[in-house]
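Just the structure for this:
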Amino acid sequence: MRMTPEEYDKLVGDRAEAQERVVVKKAKADYASAIETHCKMIGLPVPVAEFKFWPERPRTAFDFAWPDKWVALEVEGIVYPKEKGDYRAGGRHASVSGFKRDIDKYAQAFTMGWRVLRVLPEHVHNGQALLWAEPMLRRTP
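Below you'll find the predicted structure:
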């Protein structure tokens with residue numbers, strides 16, 4: 001049975017999307033593990049992963065949040081390590097529509113009073129993300 005070019009493109013596209021979902025899921029699990037470890041090491045509360053902050057858009061969530069402090073951490077997936085010291089752009093954030101959705105998300109968060117720290121994956125793994133967030137998380141209301 002032969003495929004039409006359209007059927008082939010759909011099949012390959014669906015596979016690529018599925019592979020990207022697996023990569024993203026694994027990366028998020030790695031980030032969550034690193035953040036939990038670093039939080040425990042420096043005595044910070046562990047954040048809520050995939051925190052849904054925008055009731056009108058229930059699928060919109062922060063990667064990590066400390067709701068009682070109104071602090072969120074977003075790991076920007078637009079930049080992936082390619083080789084040591086070199087990066088490439090990719091993922092949903094690299095598309096124009098994905099970038100626009102992120103702008104809407106950050107603007108809405110701002111209007112609601114959230115402080116959003118945007119970091120790269122390397123900042124999560126080397127602990128820098130939490131060092132930046134720590135002063136805000138240690139403040140008392």
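
Regarding Val46, what is its secondary structure?
What DSSP: H, G, I helix; E, B strand; the rest coil gives for Val46 is coil.

wait, doesn't it sit right on Cys39?
Yes. With contact defined as Cβ atoms under 8 Å, Val46 and Cys39 form a contacting pair (4.9 Å). For every residue, glycine as well, the C-beta is placed using N, CA and C.

The two: who's more crowded?
Neighbours were counted for Val46 and for Cys39 using other Cβ atoms under 10 Å; Cys39 has more, 19 against 14.

residue contacts, the more buried one?
The contact partners of Cys39, by Cβ atoms under 8 Å, 6 or more residues apart in numbering, come to Pro45, Val46, Pro47, Leu130.

how about a cut-off of 7 Å?
Counting by Cβ atoms under 7 Å, 6 or more residues apart in numbering, Cys39 touches Pro45, Val46, Leu130.

Do I have it right that the first one meets Ala65?
No. Proximity of Pro45 to Ala65 does not meet the contact threshold set by Cβ atoms under 7 Å, at 10.9 Å.

Which one's more surrounded, the two?
Per other Cβ under 10 Å, whichever of Pro45 and Ala65 has more neighbours is Ala65, with 23 against 11.

ok, Ser95 - how many residues close by?
Neighbour tally, Ser95, other Cβ under 10 Å: 12.

quick one, strands of this protein?
Shown for the chain, the strands assigned by DSSP state E span residues 48-52, 61-66, 71-75, 79-83, 86-89, 115-119.

Can you add distance to Pro5 and give those back as JSON lines?
Listed next are the strands of the chain as JSON lines, based on distance: least, Cβ to Cβ, whole Å:
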{"stretch": "strand 48-52", "distance to Pro5": "37"}
{"stretch": "strand 61-66", "distance to Pro5": "37"}
{"stretch": "strand 71-75", "distance to Pro5": "37"}
{"stretch": "strand 79-83", "distance to Pro5": "29"}
{"stretch": "strand 86-89", "distance to Pro5": "28"}
{"stretch": "strand 115-119", "distance to Pro5": "39"}
